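Colleague: fold the following, please.
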Amino acid sequence: MSKARSPRYPSIGLREAIEKAKAVYENDYQNKIPKLLVGQHMGYGTLNGKSLGVISAVSKYGLLDGGRDQMWVTDRTLLIIHHPPGHPERVAALMDAAREPDLFAELLDQFPGKVSDAALRSYLITKRKFLPDAADTAIRSFRETTDLIEAESGGVVAPNIEDEDREQVPPPRHSELDTTVSQPATQPQAVAPSVPSTLAPGTPYKIELTGDRIRVVADVDLAGLKKLIRILQSQTAHLEPDEVEIPGPTG
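Modeller: So this is what the prediction gives:
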């Protein structure tokens, strides 16, 4: 009889994976290097079950690329480690990393809101045939990942934008979108979260917050639009859905 095995998943959370990828970058930047050297940069003397598991986990988040012979740090890692917490490009890269593992994307789609560890454990064991110990490890990694995303995005956890939804929204080119947030006269105005007001080098859009208005200047393709939508969702997460209206581009 063959031994039961749980489906693959990252053995560590996203925050720890970022630290491991950062250690590789600080030693060898984006050079293509042997896997043994990758492990050594992460603090492991040899390639064994533990070090290989961590390298695999970092790769599952899309922070490392390559194979058996050579590996290198990805551009996604650079967006995360070279932007300050809360920067739109960092938040978008974190959301992409959180959905990179197939299992985590599945859990985020299956449980889009709050969910208990007990519910996650039941799902993993009964629907995905996880062994109990592996289910507990997967839940811990998943929680550490979603906690990081929630902390940096204002509560939005890696929303999934379906291909058909993206096709229905034409990508803006050199356009300006004015988003007006209506507040009841009897209630105090919500305080908008801090967002960089200047366009950083290489950033295809700029977000400016003034009073109850969000002004967006964008020059993006479909992939950029996906990230921009995620950022706007994160910045309006503290408002009621019917308090926010985002009209289409004019002109």
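Colleague: D136 versus the closest residue to Y123 other than its chain neighbours, what's the distance?
Modeller: Excluding the flanking residues, the one nearest Y123 by CB to CB, 6 or more residues apart in numbering is Q110, at 6.7 Å. To be clear about C-beta, it is placed using only N, CA and C from the backbone, and glycine gets the same treatment. Per CB to CB, to the nearest Å, Q110 is found 18 Å from D136.
Colleague: more crowded one of these two?
Modeller: Neighbour comparison, Q110 and D136: the larger count goes to D136, with 15 against 12 (by other CB atoms under 10 Å).
Colleague: that one: which element?
Modeller: When elements are defined using DSSP states H and E, D136 is found to belong to helix 132-153.
Colleague: name the helices or strands packed onto that helix?
Modeller: Judged by 3 or more CB pairs under 8 Å, 6 or more residues apart in numbering; DSSP states H and E, helix 132-153 is in contact with helix 14-28, helix 88-99, helix 102-110, helix 117-126.
Colleague: how is the chain divided into domains?
Modeller: Taking automatic domain parsing as the reference, the chain has its domains at 14-153, 170-184+191-245.
Colleague: hey, least reliable of the ones you listed by pLDDT?
Modeller: With a mean of 53, domain 170-184+191-245 has the lowest mean pLDDT of those.
Colleague: excluding its backbone neighbours, what's nearest P88?
Modeller: Using CB to CB, 6+ apart, the closest residue to P88 is I231 (4.6 Å).
Colleague: quick check: the one you found is in a helix.
Modeller: Yes: residue state for I231 (DSSP: H, G, I helix; E, B strand; the rest coil) corresponds to a helix.
Colleague: for H87, see how far away it is.
Modeller: 10 Å.
Colleague: these two: which has the busier surroundings?
Modeller: Neighbour count, other CB under 10 Å: between I231 and H87, I231 has more, with 22 against 19.
Colleague: that one touches V91, doesn't it?
Modeller: Yes: assessed by CB atoms under 8 Å, I231 is found in contact with V91 at 6.2 Å.
Colleague: before we move on, the earlier item: what does the helix holding D136 contact?
Modeller: Identification of contacts with helix 132-153 by CB atoms under 8 Å, 6 or more residues apart in numbering yields 6, 9-16, 57, 85-86, 90-91, 94-95, 98, 103-104, 107-108, 117, 120-121, 124-125, 130, 156-158, 230, 234, 237.
Colleague: same question for stretch 103-119.
Modeller: 7-10, 98-99, 120, 123, 128, 138-139, 142-143, 145-146, 157-158, 160.
Colleague: can I get it as CSV, trimmed to CA atoms?
Modeller: Below are the C-alpha coordinates for stretch 103-119, written out as CSV (Å, rounded to 0.1, in the frame of the first residue of the first chain):
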residue,chain,number,x,y,z
LEU,A,103,-4.0,25.9,-2.6
PHE,A,104,-4.0,29.4,-1.2
ALA,A,105,-5.9,30.7,-4.3
GLU,A,106,-8.4,27.9,-3.8
LEU,A,107,-8.9,28.7,-0.1
LEU,A,108,-9.3,32.5,-0.9
ASP,A,109,-12.0,31.7,-3.5
GLN,A,110,-13.7,29.1,-1.3
PHE,A,111,-13.7,31.3,1.8
PRO,A,112,-13.7,35.0,0.7
GLY,A,113,-14.6,36.3,4.1
LYS,A,114,-13.8,35.4,7.7
VAL,A,115,-13.3,31.7,8.3
SER,A,116,-12.3,29.7,11.3
ASP,A,117,-9.4,27.4,11.5
ALA,A,118,-11.8,24.5,12.2
ALA,A,119,-13.6,25.2,8.9
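Colleague: buried residues in it?
Modeller: L103, F104, E106, L107, L108, F111 (16 or more other CB atoms under 10 Å).
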